[in-house]
Structure formats: structure tokens, C-alpha cells
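# Coordinates only, no sequence provided:
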């Protein structure tokens, strides 16, 4: 049912075929968490990318398929952002976007952010952005992946804080293959953020002092922070003991979840 609703909403964007870039512009309460970014900052890099693409077309003597450049805009302040874009860049660009009167709330606890409509909207925008040839965004807008993955049907538990940029980048790798050059972040570099993480011991290890953890191969170690000397601080879940453990003997414990709304089909 969720996929049906997503497909229906995406069809209203009327993007069609051909080259398209995208931007994700975060406003509302994000401006109190990270530096404010003018729309001009996003458009500067979109212009650079399109200039490069059009030069490639000229060099290969291909015909340009459209008079205007195509840009998909995802934002939590659609009316203000789209109006500014049309006023300043409307002669060069054709803009595609979600509903102009969409409301995503001003604060993280706003009821609008916990609604089914808001969840469907952000998932649709994520899918479209991940299929764009090039995206400009802010990696400080990291996705609350755990909440969305584990509670896709429990909309009241989902904090739709519109943190999408990192998930867009990750999904690009599935939709397009290698996409390392397809996203430009105006602030942070790409990185994982976590405070506790399950990892697996790849070998038996005997502690050399009282501060270290002993482990058997395949023990689950809960990572709790780096020690910056080749060790991490953690907890062995087999015996609940805390201590340092060599990071070279750990591998990520992967979890696989079914999330068909991001299917390649």
C-alpha cells in the first residue's frame, strides 16, 4: 500500500525523461542547528554541474534535448523556496517539486511531522533525489534511518525531521551504481554517526591487562567509543563485561531489513 501511494505521489511531479539535477534545502528548525544556507549557494553548484554537462554535449556534437535545465527541489519550506527559485532562475530552469502548500511543521514535535502524509512525502522526495544525476544538499541533514526502517507502518513513532541527504547519497549507489561524484554537500563530508553499534569479533582474543576485554570468535561487541590507540571501548554482550578491545579484530554486524518502498523495481 505504501508503494502504491508513493508511486501515485511521484507521478504528480511530472518529471518525465531526460537529465535532471536536484537540491534538498532544509529550513524550519534546522536553521537553529546548522548555519543558514542561501538558495544561491545551492544554485551555484547546480550551474557549475549543468555547464559541465552541456560542454560535454557540445564536444560530442549531440543535440540538446530541452531549452531549459531541469531541477527537482525538495524542501520543508516549499512556497518560499520555489517562489525564490522561479524569480531568480526561472528563465534558465524548469522546476519540479512537491505541493507548494505542503506543511511539514516548524518544530520536531509538530504533529505534521508524525503524519502518514508527511512520511509519504519525504519518502517520495528521497526516491526522486536518489535518481537525479546530481544533487546539492547538506550532509548535516542526516537521515534518521533506524526510525524509518523499523517503524515504516507506525507513523506516530516516526520523527519526520526531514533529514534526508545522507540516505539519498546511499540510495544513489543502488539506483545508479558508483555515485561518489553525484552529490555535493555544502557543509559536512559524508560519514556515519552512531554512539553504540554492534560489531562482531573475528578471532578469539585474550586480554593482556585488566582494562581489556576477552572475546571468543563471533562474540558481539557493543562499540561505545574510540580510544584512539588502536582500541575501542565496548561491552561483550556474551558476558556483559566492559573494557578495551582491538579494533582490527572487529567487523560490522550487518542487519538486513526489507524496505520495499526503495526497491529498484
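Nice, thanks for sending it over. Given the structure is predicted, the values throughout are model-derived calculations rather than measurements.

# could you pull out the helices for the stretch 1-150 of the chain?
Ranges of helices within the stretch 1-150 of the chain are 2-11, 39-59, 78-89, 116-131, 145-150, based on DSSP state H, counting those that start in this stretch.

# now those helices in CSV, with mean pLDDT and mean neighbour count?
Every C-beta, even on glycine, is put in place using the N, C-alpha and C of the backbone. Shown next, in CSV, are the helices of the stretch 1-150 of the chain (pLDDT from 0 to 100; neighbours: other C-beta atoms under 10 Å):
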stretch, mean pLDDT, mean neighbour count
helix 2-11, 85, 14
helix 39-59, 92, 14
helix 78-89, 94, 16
helix 116-131, 87, 21
helix 145-150, 39, 15
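
# And the strands in the protein, which stretches?
21-25, 69-75, 93-97, 134-137, 183-185, 197-201, 220-226, 231-236, 241-246, 250-252 (DSSP state E).

# who's in contact with the closest residue to residue 5 other than its chain neighbours?
Using C-beta to C-beta, 6 or more residues apart in numbering and skipping the chain neighbours, the partner closest in space to residue 5 is residue 120 (5.1 Å). Residues in contact with residue 120 (C-beta atoms under 8 Å, 6 or more residues apart in numbering) are 2, 5-6, 9.

# could those go into JSON lines alongside distance to residue 136?
Shown next, in JSON lines, are these (distance: C-beta to C-beta, whole Å):
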{"residue": "2", "distance to residue 136": "28"}
{"residue": "5", "distance to residue 136": "28"}
{"residue": "6", "distance to residue 136": "23"}
{"residue": "9", "distance to residue 136": "23"}
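
# Which of those residues sits closest to residue 251?
residue 2 (32.6 Å; C-beta to C-beta).

# hmm, back to that, among the helices of the stretch 1-150 of the chain, which is nearest residue 174?
helix 116-131 (7.9 Å).

# distance between the closest one and the chain's centre?
With C-alpha atoms, centre = their mean, to the nearest Å as the basis, helix 116-131 stands 11 Å off its chain's centre.

# Domain boundaries for the chain, per the record?
Domain ranges of the chain: 1-185, 198-252, per the TED database.

# Where among these is average confidence lowest?
The minimum mean pLDDT among the domains of the chain belongs to domain 1-185 (a mean of 80).

# what separates it from the chain centre, distance-wise?
10 Å.

# Quick one: residues contacting residue 87.
Residue 87 neighbours (C-beta under 8 Å, 6+ apart): none.
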